[in-house]
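[1] Output the structure for:
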Amino acid sequence: MASTIVSSIGLGTGLNITEMVDALVSADTAAKKAQITRQTNNNSAMISGVGSLKSALTTFQDAIKKLNDPAAPAFNAYAAKSANEAVVKVTSGNSSVPGNYNIVVNQMATGSKVASQQFVGGSSSAISEGELTVSQGGNTWKLNIGPDATLESVRDQINKELGVQGVSANIVNGEGGSRLVLSSTTTGKGSDLSLSGIPELEIDGTTQMSGSGAGYITGLAQDAEFTIDGLKATSAKNTIENAVSGMKIELTGVSPQSGGAGIPTQVTVAQDNEGLQKSVQAFVDAYNTLQKTITSLTSTSRDENDNLVLGPLTNDPTTRSLVNDIRKVLSEVGSGDQLTTLSQLGINTTKDGTLEFNSTKFTAAMNDKKLGSEVQELFTGTNGVFERMNKAIDPYNATDGSLATRKASLDKVAKDLEEQQASLDRRTASLTESLTKKYVAMDTMVAKLNAQANQIKSVFDALNAQAKGS
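    Numbers count the residues shown, from 1 in each chain. As a prediction, this is how the structure comes out:
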């Protein structure tokens with residue numbers, strides 16, 4: 001750097017060369033430096049703003065996705081409750097009917113569990129080469145057992161090839177030898193497993209295991225048997241969808257007995273206004289969080305000197321378009337029967353763009369107008385609020401959406417500004433070095449001239465002194 005060439009104060013001129021060079025360089029580069037700084041700050045603010053907007057949109061979409069989870073419906077009009085979940089669990093649907101039901105579970109649905117004959121040689125016992133057929137109900141699966149197979153390798157092959165079918169195998173080492181044990185996740189009468197094709201692995205799943213022979217272990221696969229308000233019913237599965245309209249029943253255990261009869265478990269289905277209100281409020285809160293973020297990014301303010309300060313996305317056309325598309329969804333009419341707009345539930349847009357939720361109007365819609373069963377359709381149905389909301393947001397927030405394109409464009413600008421700054425830094429260094437060398441050369445020349453002048457003056461002083469002495 002030029003500052004290492006000479007000291008700041010010139011020896012010949014007495015001028016501060018460093019300050020003089022800095023002033024000249026600054027006069028040459030200040031305008032460009034200010035321009036780059038201003039553009040960099042603006043561009044960085046916009047990059048941050050776009051990032052914040054994308055994050056807010058993602059959070060909002062995640063919130064409505066959670067509210068739209070089919071496994072845990074958030075807008076069911078009814079709630080079902082079991083008095084004993086150790087026997088039965090229940091989940092209501094939107095088409096449920098309020099009422100009380102008494103359920104008695106006499107037996108659970110079970111799957112097949114069978115065992116092969118005993119093998120004295122344990123898991124390393126040799127198994128004959130051939131085609132092993134595994135049958136269950138009307139299904140058959142064939143496995144090619146290769147040479148040098150063992151009980152252990154057959155177990156591994158069954159797990160690898162039939163695991164997707166819900167069939168698994170293991171080896172149980174008991175008194176007298178080892179057995180290949182197969183079980184199935186399929187439940188219900190007639191789903192017993194059988195093996196054939198290889199003599200030492202043949203199992204008749206409908207025959208009870210005896211001695212060292214093969215067969216089922218504890219019992220045949222069976223259907224669930226239960227009663228609902230005294231009406232008998234059976235099911236091949238322990239999860240029953242249609243035994244009661246609009247309600248899913250999960251059998252979890254056999255009913256306790258009293259006097260030789262099962263004790264009924266009471267199941268209650270009732271209107272769930274509280275649950276619906278919480279879900280609606282969750283949507284309103286999620287939307288308001290998004291709207292407040294957008295407002296903070298697009299609003300203006302005044303600093304301590306009363307200068308106007310713009311938000312990073314103030315007057316941004318993309319953000320303005322997004323806001324219009326989202327707000328349009330809120331005012332659109334849905335495809336429901338009686339419930340078609342959010343305002344019918346007490347949801348209205350305020351002046352600042354956020355939503356307000358009038359719980360009194362909501363309660364009236366539930367109790368007086370009986371709109372509870374239509375809330376789910378309004379929000380999560382085909383062309384419902386959530387579907388339309390995602391359609392409005394996706395063009396902006398998708399991986400290849402306009403905000404991602406905007407971010408890529410801003411990143412390109414940032415890189416260009418970095419290159420401009422690097423170029424300006426090189427010019428600053430070059431100009432500083434060049435001017436410093438020139439002023440150093442000038443100062444050196446002045447120092448030489450001063451030295452010559454001092455020499456001449458000394459000569460004349462000597463001559464004058466000599467003349468006076470003579």
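
[2] Which helix or which strand is home to the closest residue in space to residue 344 that isn't next to it in sequence?
    Residue nearest to residue 344 in three dimensions, not counting chain neighbours: residue 365, with 5.9 Å by Cβ to Cβ, 6 or more residues apart in numbering. Where you see a C-beta, it was placed from the backbone N, CA and C, and this is true even at glycine. Using DSSP states H and E, residue 365 maps to helix 359-367.

[3] Hmm, residue 286 and residue 355 touching each other?
    No - using Cβ atoms under 8 Å, residue 355 makes no contact with residue 286, being 9.9 Å away.

[4] lowest-pLDDT helix or strand in this protein?
    strand 308-310 (a mean of 75; mean pLDDT, DSSP states H and E).

[5] That one - contacts with which helices or strands?
    Packed against strand 308-310 by the contact rule (3 or more Cβ pairs under 8 Å, 6 or more residues apart in numbering; DSSP states H and E) you find strand 300-302.

[6] buried sites along the strand it packs on?
    Buried positions in strand 300-302, judged by neighbour count with 16 or more other Cβ atoms under 10 Å: none.

[7] That one pairs with which strands?
    strand 308-310 (antiparallel) (DSSP bridges).

[8] List of residues touching the strand it pairs with?
    The contact list for strand 308-310, computed with Cβ atoms under 8 Å, 6 or more residues apart in numbering, reads 300, 301, 302, 303.

[9] how far away is residue 178 from residue 152?
    According to Cβ to Cβ, to the nearest Å, residue 178 and residue 152 sit 9 Å apart.

[10] which stretch of helix or strand covers the residue positioned nearest the centre of the chain?
    What sits nearest the mean C-alpha location of the chain, by Cα atoms, centre = their mean, is residue 62, with 6.7 Å. If you go by DSSP H and E, residue 62 is part of helix 17-67.

[11] For that helix, give the mean pLDDT please.
    For helix 17-67, mean pLDDT is 89.

[12] Please name every helix or strand in contact with it.
    Applying 3+ Cβ pairs under 8 Å, 6+ apart, one finds that helix 17-67 contacts helix 273-298, helix 385-397, helix 402-469.

[13] Identify whichever of these lies nearest to residue 318.
    Evaluated with Cβ to Cβ, these place helix 402-469 nearest to residue 318, the distance being 5.7 Å.

[14] Just want the angle from the closest one to helix 17-67.
    170 degrees (axes from the mean of the first three to the mean of the last three Cα atoms, to 10 degrees).

[15] Please compute how far helix 402-469 lies from its chain's middle.
    In terms of Cα atoms, centre = their mean, to the nearest Å, the centre of helix 402-469 is found 58 Å from the chain centre.

[16] And for stretch 342-351?
    Using Cα atoms, centre = their mean, the mean C-alpha position of stretch 342-351 is found 29 Å from that of the whole chain.

[17] got it, and stretch 130-147?
    Relative to its chain's centre, stretch 130-147 lies at 42 Å (Cα atoms, centre = their mean).
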